[in-house]
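Chemist: Got a predicted structure here, sequence first:
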Amino acid sequence: MLISRKWLSQYMDLSDISDAAFADAITQAGLEVEAIHPLSSGTNLAIGEVLSCEMHPDSDHLHICQVDLKDQVEQIVCGAPNVAKGQKVIVAKVGAKLPGGEIKAGSIRGVASNGMICSLAELGVDPHLLSEESKNGIEVLSADAPIGHTDPLAYLGLNDTVFDVGLTPNRSDCQSVWAMAVECGAILHKEVMLPRVEGASQKGSSTKLKIASKTAKCPTFLGKVVNHVTIKESPQWMKELLLASGMKSINNVVDISNIVMLETGQPMHFYDIDAIPAQEITVVDGLHTTYTALDGNEYEVLPEDIMITTEAKPIGFGGVMGGDDSKIETTTKGIIIEAASFDHVSIRNTARRLNLNTDASLRYQKGIEPLAVYKAMDRAIALLEQYADASGLEETVVYETKQYEPTVLTVDADSINAMLGTDFTVEEMIEVLADLKLSPIVCDHKIDLCIPSYRSDLKIEADIAEEIIRIIGYDRLPSTLPLLPESEGALSPRQAMRRKIRTQLNQAGLYEARTYTLISDAFLEDAILSAGEAVRLAVPMSEERKSIRTSVLPSLLDAVSYNQNRSAKDVALFEISSVYSTEKEVEHLAIAMEGALQKSRWQNIEIKADFYTLKGLLMNLLQTFGFEGTRISVKENTVDTTHFHPYRSACLYIGKDLFAVFGEIHPAMAKRYDVSRLVMAEANIEVLLANRASKIKYEPISKFPSVVRDLALVVSQEVNAQQLIDIIRKNGKQYVSHVEVFDVYTGEHVAKGYKSIALSITFGSHEKTLTDEEISAVNAKIMDALQKETNAQLRA
């Protein structure tokens, strides 16, 4: 942000503070002054008149000039092509110090020269701000310039200092000179008097102007017709302030729009009234066309761009740049004023794509206060009436979807002191808050504040505490030890859960992976147990990193593919990570395995990473947390058969809550991710935390012998093994210690539509050795229940 000392001096008295002291005070308060630039510089200067101008006898471009400086006439050799007799010019006398060095008396090709006739560039003015005429020759002053005047820089209004202030992202309000003046006044403890223009635009006759917004990206839109304006040269003060802000003066009407933007932070656009004969302006998006902007270049318009239109034809990129067909010309007789608020993300995307980082787009991107449109309209009308002979005003037309409501805060003085470790009095705090225009009202030690619309960064008490200490000064902070709450050095339930999962899976032979949280649209579409609608980045780094993931497995599969493509045959990975939606954050566990989980060629041992291995890992994991028996169940996968093989996958439940989907990958998904037919799982860890686990009880091993009996049951295809196990446990719970399925058979000797399930039942007791009669009685009870509930029959 470039800020002119002369501009700030219009609102407060800065005569008692140097440039360096001003910069230091502003920096100490949190607004870093990165550089101090004199608008121009030079000593021992004077305004002179060229009495004669003759060609140098030994040169085809040098001139010998006699220059009247009022108290003396000096001979100066000048090489500028535009020097001529009768001109009023700026002369650097012998001994003058300019940005390029010191001026000395000398001889140029045998002719004495005592001084230099200067151009503005030689006096340190930024060449980018000069006209071609000024850049290519000396500066020719007006005919009424006083000969002998010893401060020509002040005469031209170039005796100014520009401070380059680096703004933090939360202080977008300081893009406005008015807000910056309030800030500087509070820091320097000076009274600030801003122009009073409230309500200046609330006048005018009835209008036929129609404005509208057909996009949510433009919630506020103001329009006003000024039927008569006079296009002429801007007043000197306006030219000076624009020059200090890095802008060229064009004409009074265009300059007013720029001055208002700089003062209020709100970009505005003035249209030639004859270029919009329908007097209808509508903001839209969704267009796909081409348009020639004010710079004369043709740009492609995409549907996401905000466009200003009339009669369905574009007349400007909203918030970026107007069009070449509606700009203010010297022939303009009347104007239509537009001031609007736009979505900053959309403006940033458009400006970046078109490479049009204009003053307007940069302000929109950083954020503009909600009331800036009204302040800008009032100020523009006041200046147009004063400097452009504005007349024939029509009433202001307003489109607004939501009215602004002021933010009100109540803070506690004692709480602020406790937060800062200070002992400021209420009176000291009130002085700071009043200087910042926060309208403080005191009741005991409570302070009620009304936050100005431009201070959107002030939301909580801590923000007010920060304002107080930075304005009073950080040197007032005493050295104090922080008061920290005492807490037990232990893991939280979530941390303990994570550690236990990691430990168990690592011990089982799996490796933990770390993959990117930011993913592509393809990964997003393959989300498993998705957390919900994805959060998309406003400015993604690349197409591969556009959204925050809602599922972990797609990223883990990418890691498996990377390993398999580098000849890793046995891959067993897991990842614990938070996933996000627009509404919540949850934690997921993902597992992907292929090949052998564990193996020893020497001992000829191999544990394959298949469906049953993965099921066992998940079941053991739940058992570790106290979930077993009837509290967990494995059911057919009806949740996701797009990413999982429909006949080789299942769902794992804790009670009625879905904990995980696991099984073999769907062949189509395996092909997309370039992986083998691996097994995978995605589990919602929040289900573990939400369900109350049973206490894990440990029992001594029975000292009495157990008995194992095998049953081969023929049941209908619809009956699953878990149903049989549940019936056996229920009816034999007194003596049945373990049930295991060891075979499922269909084919010869088993009727069509039926299957044979072989189970091994272990009978035992902690109190005695069971007799054959006791075991047979329990076994008969179990068989009776199996026949009644599933129509199971012993296989012959």
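Modeler: Okay, I see it.

Chemist: excluding its backbone neighbours, what's nearest Ile654?
Modeler: Asn691 (5.0 Å; CB to CB, 6 or more residues apart in numbering). For the C-beta atoms, the positions are set from N, CA and C on the backbone; glycine is no exception.

Chemist: Go ahead and produce CSV holding the CA coordinates of the helix or strand bottoming out on mean pLDDT in the chain.
Modeler: Least confident helix or strand, the chain: helix 132-135 with a mean of 83, by mean pLDDT, DSSP states H and E. The C-alpha coordinates for helix 132-135 follow below in CSV (Å, rounded to 0.1, in the frame of the first residue of the first chain):
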residue,chain,number,x,y,z
GLU,A,132,6.2,10.5,-23.2
GLU,A,133,6.9,14.2,-23.6
SER,A,134,8.2,14.5,-20.0
LYS,A,135,10.3,11.4,-20.3
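
Chemist: distance of Glu789 from Ile727?
Modeler: According to CB to CB, to the nearest Å, Glu789 stands 6 Å off from Ile727.

Chemist: who has more neighbours, those two?
Modeler: Ile727 (19 against 15; other CB atoms under 10 Å).

Chemist: and Ser487, what element?
Modeler: Remark: Ser487 resides in no helix or strand, with elements defined by DSSP states H and E.

Chemist: Let me know the pLDDT of it.
Modeler: Note on Ser487: pLDDT of 74.

Chemist: buried set for the lengthiest helix in the chain?
Modeler: For the chain, the longest helix by residue count, based on DSSP state H, is helix 772-790. By neighbour count on 16 or more other CB atoms under 10 Å, the buried set for helix 772-790 is Glu774, Ile775, Val778, Asn779, Ile782, Met783, Ala785, Leu786, Thr790.

Chemist: Tell me the helix or strand right after that helix.
Modeler: Counting by DSSP H and E, the next helix or strand C-terminal to helix 772-790 is strand 793-794.

Chemist: residue boundaries of the helices in the stretch 451-600 of the chain?
Modeler: Along the stretch 451-600 of the chain, counting by DSSP state H, counting those that start in this stretch, helices occupy 461-472, 493-507, 521-525, 553-564.

Chemist: about what we covered before: so which residues make contact with the least confident helix or strand of the chain?
Modeler: Here helix 132-135 makes contact (CB atoms under 8 Å, 6 or more residues apart in numbering) with Asn82, Ser119, Leu120, Ala121, Pro127.

Chemist: Off-centre distance for it?
Modeler: Helix 132-135 sits 42 Å away from the centroid of its parent chain (CA atoms, centre = their mean, to the nearest Å).

Chemist: do stretch 591-599 as well
Modeler: On the basis of CA atoms, centre = their mean, stretch 591-599 sits 41 Å off its chain's mean C-alpha point.

Chemist: What lies in contact with it?
Modeler: Contacts of stretch 591-599 with the rest of the structure, by CB under 8 Å, 6+ apart, involve 505, 508-510, 553, 556-557, 559-560, 564, 569-574, 605-609, 613-614, 617, 662, 675-681, 683.

Chemist: Filter those residues down to the buried ones.
Modeler: Buried among those (16+ other CB under 10 Å): 505, 508-510, 553, 556-557, 559-560, 564, 570-574, 608-609, 613-614, 617, 662, 675, 678-681, 683.

Chemist: hmm, who's touching stretch 491-504?
Modeler: Here stretch 491-504 makes contact (CB under 8 Å, 6+ apart) with Glu512, Ile576, Glu587, Leu589, Asn620, Leu621, Thr624, Phe625, Ile685, Leu688, Leu689.

Chemist: what about the fifth one, helix or strand, and which?
Modeler: Spelled out, it's Asn620. helix 611-624.

Chemist: picking up where we left off before, in ChimeraX, select just the buried ones from the contacts of helix 132-135.
Modeler: Provided next is the ChimeraX selection string for whichever of the contacts of helix 132-135 are buried by 16+ other CB under 10 Å:
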select :119,120,121
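
Chemist: Could you export the contacts of helix 132-135 to TSV, including columns for secondary structure and pLDDT?
Modeler: Formatted as TSV, the contacts of helix 132-135 follow (DSSP: H, G, I helix; E, B strand; the rest coil; pLDDT from 0 to 100):
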residue	secondary structure	pLDDT
Asn82	coil	93
Ser119	coil	93
Leu120	coil	92
Ala121	helix	91
Pro127	helix	85
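
Chemist: will you turn the contacts of helix 132-135 into TSV that also has distance to Arg171?
Modeler: Listed next are the contacts of helix 132-135 as TSV, based on distance: CB to CB, whole Å:
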residue	distance to Arg171
Asn82	45
Ser119	38
Leu120	33
Ala121	34
Pro127	31
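
Chemist: what's around Ile548, how many residues?
Modeler: For Ile548, the count of nearby residues is 20 (other CB under 10 Å).

Chemist: right, I mislabeled it, should have said Glu198
Modeler: Using other CB under 10 Å, Glu198 has 12 neighbouring residues.

Chemist: so Gly556 touches Ala513, yeah?
Modeler: Heads up, residue 556 is Leu, not Gly. Yes: under the criterion of CB atoms under 8 Å, Leu556 makes contact with Ala513 at 6.1 Å.

Chemist: residues shared between the contacts of those two?
Modeler: Residues touching both Leu556 and Ala513 comprise Leu573, Phe574, Glu575, with contact defined as CB under 8 Å, 6+ apart.

Chemist: Grab the nearest non-local neighbour of the first one.
Modeler: Beyond its immediate neighbours in the sequence, the residue positioned closest to Leu573 (CB to CB, 6+ apart) is Ala513, lying 4.5 Å away.

Chemist: From Trp178, how far off is the residue nearest to Cys450 when sequence neighbours are not counted?
Modeler: In space, and not counting its chain neighbours, Cys450 is closest to Ser439: 4.3 Å by CB to CB, 6+ apart. Ser439 sits at a distance of 17 Å from Trp178 (criterion: CB to CB).
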